[in-house]
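> the following comprises the amino acid sequence and a computationally predicted model.
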Amino acid sequence: MSSSKLYTTFLFSLTITLLIQTSFGAEPLFHFCSSSENFTTNSPYESNLKTLINSLIYTTPLTGFGDASVGQYQNQKAYGLALCRGDVSASECKTCVSEAPQEILNRCPYNKGAIIWYDYCMFKYLDTDFFGKIDYTNKFYMWNLKNVSDPATFNYKTRELLSQLAQKAYVNNRYFATGERKLGQSETLYGLTQCTKDLSATDCKKCLDDAINELPNCCDGKEGGRVVSGSCNFRYEIYPFVN
Ligand SMILES: *[C@@H]1O[C@H](CO)[C@@H](O)[C@H](O)[C@H]1NC(C)=O
Ligand SMILES: *[C@@H]1O[C@H](CO)[C@@H](O)[C@H](O)[C@H]1NC(C)=O
């Protein structure tokens with residue numbers, strides 16, 4: 001299946017051979033710097049952004065999700081959110097959301113907007129109000145290079161599991177679901193779905209359904225894969241990966 005060629009720059013495909021997990025998984029998976037204007041040192045935006053970041057580091061681990069805005073005037077106001085994977089502990093969440101903004105400020109030092117993803121969390125900020133809207137701009141795929149032996153059956157079962165988990169996630173109060181199903185005699189397929197809590201339940205479902213519809217582009221016949229956006233994500237593997 002040809003994949004990345006079909007997509008423009010905003011959609012970047014990333015291949016992985018192995019998911020090497022360190023103890024915390026601290027390598028970022030991916031990031032984007034927004035293309036909007038830059039802020040300058042000592043500007044009101046910088047000050048608001050720093051306050052916003054500190055606030056999100058503090059609030060996000062309490063529930064696994066945080067959103068906030070800081071500032072009063074247009075062009076100075078910063079909006080941000082952070083989301084931890086639904087199964088990580090408060091302390092793992094705190095480690096991740098503390099590290100994320102440092103890394104993002106290295107990678108996108110003066111961008112008014114940026115987003116970064118890790119296994120355990122996502123961190124995003126922007127100079128415009130993006131809350132409650134499905135993020136169609138920031139998205140990437142990951143897949144395992146290994147092919148399954150029977151793609152048609154495997155793809156069908158993967159889609160079925162992820163669709164069930166989309167159903168489960170949007171009615172869950174944390175917009176998070178995990179599950180598994182048997183593949184033949186000895187193998188098991190594991191899946192995860194999650195949305196950011198600023199979305200309505202309907203939009204959470206829509207975001208996940210749209211992501212699942214990208215399975216053929218992302219992960220056709222692959223042993224593992226993810227479609228990850230600023231609003232929702234899924235992941236499946238043939239090994240357990242949640243805590
Ligand atoms: C923003 O700053 C970066 C360097 O940090 C620079 O490469 C980029 O061109 C700047 N963008 C604008 C729109 O000024
Ligand atoms: C998986 O299948 C694709 C398409 O048939 C092929 O190009 C690729 O080399 C295969 N990967 C492995 C690891 O065998």
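Great, that's in hand. Numbers count the residues shown, from 1 in each chain. Ligands and ions are numbered 1, 2, ... in the order given.
> any idea how far the nearest residue to K222 once chain neighbours are set aside is from N48?
Of all residues not flanking K222 in the chain, W143 sits nearest, at 4.4 Å (C-beta to C-beta, 6 or more residues apart in numbering). In short, each C-beta sits where N, CA and C put it, glycine included. Using C-beta to C-beta, to the nearest Å, W143 is found at 38 Å from N48.
> name the nearest residue to the residue of the chain found nearest ligand 2, sequence neighbours excluded.
The minimum distance from the chain to ligand 2, using C-beta to the nearest ligand atom, falls at N147 (3.8 Å). Nearest non-adjacent residue to N147, counting by C-beta to C-beta, 6+ apart: G221, 5.3 Å away.
> how about Y110?
Nearest one to Y110, counting by C-beta to C-beta, 6+ apart, is N38 at 4.0 Å.
> for Y141, same thing?
Counting by C-beta to C-beta, 6+ apart, the residue nearest Y141 is C218, at 4.1 Å.
> count the neighbours of that neighbour for me.
Neighbour count for C218, taken as other C-beta atoms under 10 Å: 23.
> so for it, what's the pLDDT?
Note on C218: pLDDT of 96.
> distance check, it against R226.
Taking C-beta to C-beta, one finds C218 at 8 Å from R226.
> and F30, by the same measure?
10 Å.
> ok, the two, which is more surrounded?
Neighbour count, other C-beta under 10 Å: between F30 and R226, R226 has more, with 24 against 17.
> who touches the residue nearest to Y110 in this structure?
110-112 (C-beta atoms under 8 Å, 6 or more residues apart in numbering).
> where along this structure do the strands fall?
11-16, 30-33, 65-70, 78-84, 114-117, 121-126, 139-144, 176-183, 187-195, 225-229, 232-237 (DSSP state E).
> I would like the residues contacting the last one, please.
Outside of strand 232-237, the residues within contact range by C-beta under 8 Å, 6+ apart are 19, 134, 144, 158, 161-162, 165-166, 175, 189-196, 199, 204, 207-208, 211-212, 219, 223-228, 241.
> can you give me the pLDDT of T196?
98.
> count of neighbours near it?
Residues near T196, counting by other C-beta under 10 Å: 26.
> what residues are up against it?
Listed by C-beta under 8 Å, 6+ apart, the contact set of T196 reads 65, 67, 81, 83, 122, 175, 230-232.
> greatest separation within those residues: which pair is it?
D67 and C232 (14.8 Å; C-beta to C-beta).
> these two - which one has more neighbours?
Higher neighbour count among D67 and C232: C232, with 30 against 21, using other C-beta under 10 Å.
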